[in-house]
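S.K.: starting from these lines, generate the structure:
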Amino acid sequence: MDTATRLEVANWLVAQSLTGMPENEILRGFCKRCCAAGLELSRSLAIIDTLHPIFEGRGFRWNDVDTNEADSFEYGSSNEGEAAQNWRRSVFHHMLENGDDEFSIDLMDCAHLDFPIIEDLVAQGHRHYLAFVHRFGEAGTLGQMDCFYSNWLTRRDGGFTDTQIGALRDLVPLLALTVKSAQQVDIVRTLGRVYLGRDASEQVLRGRISRGVTERINAVLWFSDLRSSTAISESISPDEIIPLLNDYAEASIDAIYEAGGDVLKLIGDGVLAIFTGGDMSAARHAALRAEHRFRLNISKLNARRAGEGRPVTSAYVGLHVGEVFYGNIGSEDRLDFTVVGPAVNEVSRIASMCRSVDRELLASSEFCAGLDDEGRRYLVSTGRYALRGIGRAQDLFTLDPEIAASPSATKAYENFLADEMSHP
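M.R.: I've put the predicted structure just below:
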């Protein structure tokens, strides 16, 4: 590969980095261009750690023949179990341990090496293995993303030539920079969704980051918290508190997301969420679907936790409808993208009333009034109450107890929710 061709491939990599091409397509395009220029690649693997609450990193593959391997994958922690054993026996781990940036293996003369992958590569007809580790440096590290790992293989008799190895030395760092750039965009989107919520994250990433930039919206508001959480926390060891909160938070968040809602804030064991859209009746039904799914999630969760000998509980849910300000609130250095307004305080007070009236769900009169006739018949009044800090008393509603007591009523309610799911 001559200098002019290397420059063409380098320019292509830079252009794709700017356009945001997916990493697996970047690797595929890079390998095909290398092959067209006479660099006889047969297989490649690129790996980069990331910053994600579940995955440790992502990998991308390319082969010169069709295989059943996915061209991209995600991997979990390599610190324990079989994954840790595999990592410690890998070429990349060997390179890190020995401070190597490059490692070459003649696959026709490597019986002295103890890398499990070698036998499979030889059986597939590969003749030469070349690996690189490109370190980012302290200023370029983000979480565990501190290296770009890659390996390159050829079926060519005699392996890679010195010129071909030189071309890879020149070009792979640019590939690393391109993949790292794409991963940083993914990290920003992931952190936004995880810490801000799905819609709030999209709003921020579209540029709505100025303090005081808000909009008035009508929304169905959800506030939930755990029953007897303080007493449970005082009765268990400190290292059990976070798993308890995580389990029940997951039960609620999964239900809200499944119904199309958006979680805005976790407040201790409390969850603040909204359901929006042009049809507020549909948003109300979505909130009821989420509440029903939440109860089913809790039932499964409690069965598992009880089987493990761990404490179980339930949750209170308050539902309300009102106009709120949605956007950036805070200081210039610390903003929160959330909802504020009297309706937010009111839904919190409604959820708090669940303890007093011994109901797991309470909905405001505004919420109930906006349902269709069929929806309203599943809710019954629990009475009129003055809410702490709220200037007016109001009727609060809960699910008709007949729904839980009668299998036929339960089925009818579930059919009502299912019908609404098919007509968002």
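S.K.: in a strand, L45, correct?
M.R.: Yes: checked against DSSP: H, G, I helix; E, B strand; the rest coil, L45 lies within a strand.
S.K.: tell me how many other residues crowd the closest residue to it other than its chain neighbours.
M.R.: Leaving out its chain neighbours, the residue that sits closest to L45 by C-beta to C-beta, 6 or more residues apart in numbering is N151, at 5.1 Å. All C-beta spots, glycine's among them, are computed from the backbone N, C-alpha and C. The number of residues packed near N151 is 20, by other C-beta atoms under 10 Å.
S.K.: right, and N151 touches H126 too?
M.R.: No: using C-beta atoms under 8 Å, N151 is not in contact with H126, being 10.3 Å away.
S.K.: re earlier: roughly how far does the residue nearest to L45 sit from S77?
M.R.: Applying C-beta to C-beta, to the nearest Å, the value for N151 to S77 is 22 Å.
S.K.: swap in S150?
M.R.: 21 Å.
S.K.: low-confidence stretches in this structure?
M.R.: For the chain, applying pLDDT under 70 flags the ranges 391, 420-424.
S.K.: residues of the longest strand anywhere in it that come out buried?
M.R.: Ranked by number of residues, the top strand in the chain under DSSP state E is strand 315-330. Residues of strand 315-330 classed as buried by neighbour count (16 or more other C-beta atoms under 10 Å): 315-322, 324-329.
S.K.: which one of these is nearest to A282?
M.R.: Each of these was scored against A282 by C-beta to C-beta, and V321 proved nearest at 12.3 Å.
S.K.: check contacts around that closest one.
M.R.: 218-221, 280, 284, 343, 364, 366-367, 370 (C-beta atoms under 8 Å, 6 or more residues apart in numbering).
S.K.: quick one, phi psi at the closest residue to E69 other than its chain neighbours?
M.R.: Among residues not flanking E69 along the chain, R61 sits closest, at 5.6 Å (C-beta to C-beta, 6+ apart). Main-chain torsions, R61, degrees, to the nearest 10: phi -120, psi 150.
S.K.: same question, D358
M.R.: The phi/psi pair for D358 (degrees, to the nearest 10) reads phi 60, psi 50.
S.K.: tell me how many other residues crowd it.
M.R.: Applying other C-beta under 10 Å, we find 8 other residues in the vicinity of D358.
S.K.: is it true that L51 touches D146?
M.R.: No: the pair L51 and D146 does not pass the contact test of C-beta under 8 Å, sitting 10.9 Å apart.
S.K.: more crowded one of these two?
M.R.: Taking other C-beta under 10 Å, L51 and D146 do not tie; L51 has more neighbours (18 against 14).
S.K.: gap between the residue lying closest to P401 once chain neighbours are set aside and R206?
M.R.: Spatially, and ignoring its direct neighbours in sequence, P401 is nearest to V380 (7.7 Å; C-beta to C-beta, 6+ apart). According to C-beta to C-beta, V380 and R206 sit 43 Å apart.
S.K.: tell me which of the two has more neighbours.
M.R.: V380 (14 against 8).
S.K.: in a helix, the more buried one, correct?
M.R.: No: V380 is assigned strand when assessed by three-state DSSP, not a helix.
S.K.: show the contacting residues for E215.
M.R.: By C-beta under 8 Å, 6+ apart, the contact list for E215 reads 325-327.
S.K.: what is the nearest of the residues you listed to L39?
M.R.: G327 (51.8 Å).
S.K.: for L221, see how far away K265 is.
M.R.: Per C-beta to C-beta, K265 is found 11 Å from L221.
S.K.: what do the two both touch?
M.R.: Shared contacts of K265 and L221, defined by C-beta under 8 Å, 6+ apart, comprise L272.
S.K.: count the neighbours of R198 for me.
M.R.: 15.
S.K.: now H126
M.R.: 21.
S.K.: report the contact partners of the residue nearest to it when sequence neighbours are not counted.
M.R.: In space, and not counting its chain neighbours, H126 is closest to L153: 4.4 Å by C-beta to C-beta, 6+ apart. Shown in contact with L153 (C-beta under 8 Å, 6+ apart): 41-44, 121, 126-130.
S.K.: before we move on, the earlier item: higher neighbour count, S150 and S77?
M.R.: Applying other C-beta under 10 Å to S150 and S77 shows that S150 carries more neighbours, namely 23 against 14.
S.K.: how much space separates Y385 from V357?
M.R.: Plainly put, Y385 is 8 Å away from V357 if you go by C-beta to C-beta.
S.K.: the two: which is more packed in?
M.R.: Y385 (17 against 12).
S.K.: against H112, how distant is the more buried one?
M.R.: To H112, Y385 is 80 Å away according to C-beta to C-beta.
S.K.: on that earlier part again, the helix or strand that the residue nearest to H126 is a member of: what's the following helix or strand?
M.R.: Using DSSP states H and E, L153 falls within strand 147-154. Going down the chain from strand 147-154, the next helix or strand is helix 162-196, by DSSP H and E.
S.K.: next, the angle from that following helix to strand 147-154.
M.R.: Angle, helix 162-196 to strand 147-154, by axes from the mean of the first three to the mean of the last three C-alpha atoms, to 10 degrees: 140 degrees.
S.K.: what residues sit buried inside helix 162-196?
M.R.: Of all the residues in helix 162-196, those buried under the rule 16+ other C-beta under 10 Å are 164-165, 167-168, 171-172, 174-183, 187, 190, 192-193, 196.
S.K.: now swap in stretch 218-225 and tell me
M.R.: Applying 16+ other C-beta under 10 Å to stretch 218-225 flags 218-225 as buried.
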